[in-house]
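# The amino acid sequence is not available; the structure is as follows:
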């Protein structure tokens with residue numbers, strides 16, 4: 001219920017950008033891409049970076065989990081420096 005409601009709060013451009021990034025980077029059973037890549041896609045669809053971050057439009061994990069994906073978001077820790085990434089893998093269907 002919450003994931004559905006949260007998904008309805010995202011502008012279409014957010015979901016479109018994530019879907020494009022997932023499709024463009026899908027290989028060997030998973031899709032990995034940088035946070036920056038999906039932010040650039042959202043900006044290309046008319047959203048502003050400040051608004052993307054302020055409105056938490058990168059917090060799509062629950063929406064995609066509800067849609068059948070495992071979602072991992074990897075951010076550098078306090079003393080680390082690397083590019084933040086998302087990794088999406090389809091959930092395995094139970095036999």
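Great, that's in hand. Because the structure is a prediction, the values reported are computed rather than measured.
# List the buried residues for the strand or helix carrying residue 42?
Per DSSP states H and E, residue 42 falls inside helix 35-44. For helix 35-44, burial by neighbour count (16 or more other CB atoms under 10 Å) applies to 35, 37-39, 41-42. In short, each C-beta sits where N, CA and C put it, glycine included.
# mind listing the helices for the chain?
2-9, 12-24, 35-44, 49-54, 61-66 (DSSP state H).
# now the second one against helix 35-44, angle please.
In this structure, helix 12-24 runs at an angle of 130 degrees to helix 35-44, with axes from the mean of the first three to the mean of the last three CA atoms, to 10 degrees as the basis.
# Can you list the neighbours in contact with helix 12-24?
7, 31, 33, 37-38, 41-42, 44-47, 52, 57, 60, 63-64, 86, 88 (CB atoms under 8 Å, 6 or more residues apart in numbering).
# Would you mind writing the ChimeraX command to select the buried ones in those residues?
Those of these that count as buried under 16+ other CB under 10 Å are selected in ChimeraX with:
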select :7,31,33,37,38,41,42,47,52,57,60,63,64,86,88
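# of all the helices of the chain, which lies closest to residue 73?
helix 61-66 (6.6 Å; CB to CB).
# Show the secondary-structure elements that that closest one is packed against.
Helices and strands touching helix 61-66, by 3 or more CB pairs under 8 Å, 6 or more residues apart in numbering; DSSP states H and E, are helix 2-9, strand 69-74.
# Any idea which of the ones you listed has the lowest pLDDT on average?
Among the helices and strands packed on helix 61-66, helix 2-9 carries the lowest mean pLDDT, a mean of 54.
# For residue 69, state which of the buried residues of helix 35-44 is nearest.
Of the buried residues of helix 35-44, the one sitting nearest to residue 69 (CB to CB) turns out to be residue 38, at 14.2 Å.
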